[in-house]
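> following is a predicted model, sequence given first.
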Amino acid sequence: MRYLRYKTHRSSIGTLLLQLTCCTAVVLGCNRGPRPSPVTEEVSTPLLSVSSVNPRYFTDGSRAIYLTGSHNPLIVDKGDSWPPRGYDWASFLDYAQLKGHNFIRVWTWSTTKNKYDDNSNWVYTYPQPWKRTGPGDSADGLGLKFDLNTFDDEYFRRVVHIVELAKTRGIYISLMLFDGWASFRTKYHYTPFTSGNNIQGVGVVDADGDGKQEELQTLDPGHTGIGVGQSKVIVDAEDAYVRHLIDITNSYDNVIYEIANEPAPTSMAWANHFVDLIHTYQQTKPFRHAILLGTYYQYPPSRGINDWLFAGKAEAVSPAFPAASPYDFKMNPPPADGAKVVIADNDHIDPKFTDPTFVWRHFMRGNNPIIVDEDTTPLHRRSRAYEAIRDAMGDTRRYANRIDLLHMAPSTTVCSTQFCLVNPGVEYLVYQPNRGVPFTVDLSRYSGKKFATEWFDTFSRRNSLAVDVAGGAVVTFTPPAASTVIYLKAR
């Protein structure tokens, strides 16, 4: 068993330092605790709104709600053969609940079939929001033409089914309205809006001749007209679809609406149009659901790529990698200031980055981290590649539920690691990502207070108690493990 030794000394500048280390010496009770259990105590999903007390987070009306989880499965079936295979949403959500996640980004896919390049296979999807009624065969060769005035009940049945499965497991979902990426990043593609694919006879015009369909996501900045290459018939069909989606999901309190996944750089006015439409249409409904607006696709991303998100009207945003110096949204995210609820999605930052420090760094900066989990196979065949980052999301959520998150804010000055959540004089949660490196917490203003102390090893996922520490000093801590969290709470 390991035990705790502490020593005090006065530095040359007169600051009292208390150094805590785990060793095999004096018995003072550094007991190793059990591995944390899954976060399964909650299965409720009260309607979310932005907290007026701490607008870095959503609230259920009484506490801050920290959102974290993974994503990749779709509403539609998707695969490289026709008909494509479906997905076992129940198993995926069971696994998310087991891991302590409470947020899932639910994808849609806007192409009926697409091909990334000449060497790729066709990728097929089914169903789409609009129904294939004919008359006439569609240009994609997959059936009758779409009627843009008739919805496919199968698509919306799936939406409701996924929402209900998530709700019974205490999981919020971000319901994606459009997928922008596939319709303009793939060389060959068909959508319900492709010429020859609908009975209305409309199609997006490739105005710039680049072979893509970014025009599908383009409106003029004033929202008063239609962008070059776009059609009013198409925009009207999209508007009607969004309103219908709200009609069938407004009564579910675990829903957030996401406009699109990584649309074209020309899409800002188009995306803002739907933010406005949702806000306006929800005024006629019993409930007001939040909106998530994600970054557009640009590679390499420019420094100002996220500016329009934070200037927009959506309650939550998912930024891309760049941030104002010295920050970036990968390893050194800017501390959240409450301008927006930040859903930090590695899909927009670095989708292959699965280091669990990503989660802890964002959590300690006041953000809500999520990941694109590229291993969405059934539970018994899931690889271990994503396990550490999946566990980190559950572990951070466990702490979010323990602390008074509603009254905590990120600080880069109170702790020397620059990764901490602080309620001054009351609670401190500090992350040290660097192996074995001592760090300080400034408790100098709280003379006479004592703070209960708990360590958490983010690799072994074990916690251990330590002796109380006294306020009135800058306190130095030496981590007993590779990557460590310390939790201080005033007695």
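Nice, thanks for sending it over. Numbering: from 1, shown residues only.
> and the helices in the chain?
With DSSP state H, the ranges of helices along the chain come out as 89-98, 153-167, 180-185, 232-249, 268-282, 307-311, 346-349, 357-364, 387-402.
> please identify which of these is closest to residue 62.
Residue 62 lies closest, by Cβ to Cβ, to one member of the helices of the chain: helix 387-402, at 13.0 Å. Every residue, glycine included, has its C-beta placed from N, CA and C.
> any low-confidence regions in this structure?
In the predicted model, the chain carries pLDDT under 70 at residues 1-42, 221-225, 227-229, 376-383.
> and this protein, what are its domains?
The record's domain parsing of the chain by automatic domain parsing lists 3-31+413-490, 49-407.
> hey, which of those domains is tucked in deepest?
When those are scored by mean count of other Cβ atoms under 10 Å, the highest mean neighbour count falls to domain 49-407 (a mean of 19).
> sorry, back to before: need the helices of the chain in CSV (columns: distance to residue 258).
Putting those into CSV (distance: least, Cβ to Cβ, whole Å) gives the following:
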stretch, distance to residue 258
helix 89-98, 17
helix 153-167, 13
helix 180-185, 11
helix 232-249, 11
helix 268-282, 10
helix 307-311, 12
helix 346-349, 12
helix 357-364, 18
helix 387-402, 19
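> residue 262: which of these is closest?
Across the helices of the chain, residue 262 has its closest neighbour in helix 180-185 (4.4 Å, Cβ to Cβ).
> for the closest one, packing partners?
Here helix 180-185 touches strand 255-261, going by 3 or more Cβ pairs under 8 Å, 6 or more residues apart in numbering; DSSP states H and E.
> residues in contact with the strand it packs on?
By Cβ atoms under 8 Å, 6 or more residues apart in numbering, the surrounding residues in contact with strand 255-261 are 48, 105, 107, 163, 172-181, 217, 245-246, 249, 267, 271, 274-275, 278, 289-294, 314, 316, 347.
> pretty sure residue 179 contacts residue 105?
No - at 11.6 Å, residue 179 does not count as touching residue 105 under the criterion of Cβ atoms under 8 Å.
> so how far is stretch 246-265 off the chain centroid?
Relative to its chain's centre, stretch 246-265 lies at 14 Å (Cα atoms, centre = their mean, to the nearest Å).
> same question for stretch 336-344.
Centroid separation for stretch 336-344 versus its chain: 11 Å, with Cα atoms, centre = their mean.
> what's next to it, contact-wise?
50, 54-58, 67, 103, 174, 290, 292, 309-310, 314-319, 329, 333, 362, 365-370, 410.
> same thing but at 6 Å, please
The contact list for stretch 336-344 (Cβ atoms under 6 Å, 6 or more residues apart in numbering) reads 55-56, 58, 310, 316-318, 362, 366-369.
> check stretch 136-151 too.
Contacts of stretch 136-151 (Cβ under 6 Å, 6+ apart): 112-113, 129-134, 190, 192, 194, 196-200, 237, 244.
> check stretch 277-285 too.
242-243, 246, 250, 257, 288, 291.
> let's have the residues you listed in JSON lines, adding distance to residue 356.
JSON lines is the format used below for the contacts of stretch 277-285 (distance: Cβ to Cβ, whole Å):
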{"residue": "242", "distance to residue 356": "36"}
{"residue": "243", "distance to residue 356": "40"}
{"residue": "246", "distance to residue 356": "36"}
{"residue": "250", "distance to residue 356": "36"}
{"residue": "257", "distance to residue 356": "29"}
{"residue": "288", "distance to residue 356": "35"}
{"residue": "291", "distance to residue 356": "29"}
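> quick check, nearest of these to residue 155?
For those, the minimum distance to residue 155 (Cβ to Cβ) is 13.2 Å, reached by residue 242.
> check contacts around the closest one.
177, 277 are the contacts of residue 242 under Cβ under 6 Å, 6+ apart.
> same thing but 7 Å
When contacts are counted by Cβ atoms under 7 Å, 6 or more residues apart in numbering, residue 242 touches 177, 274, 277-278.
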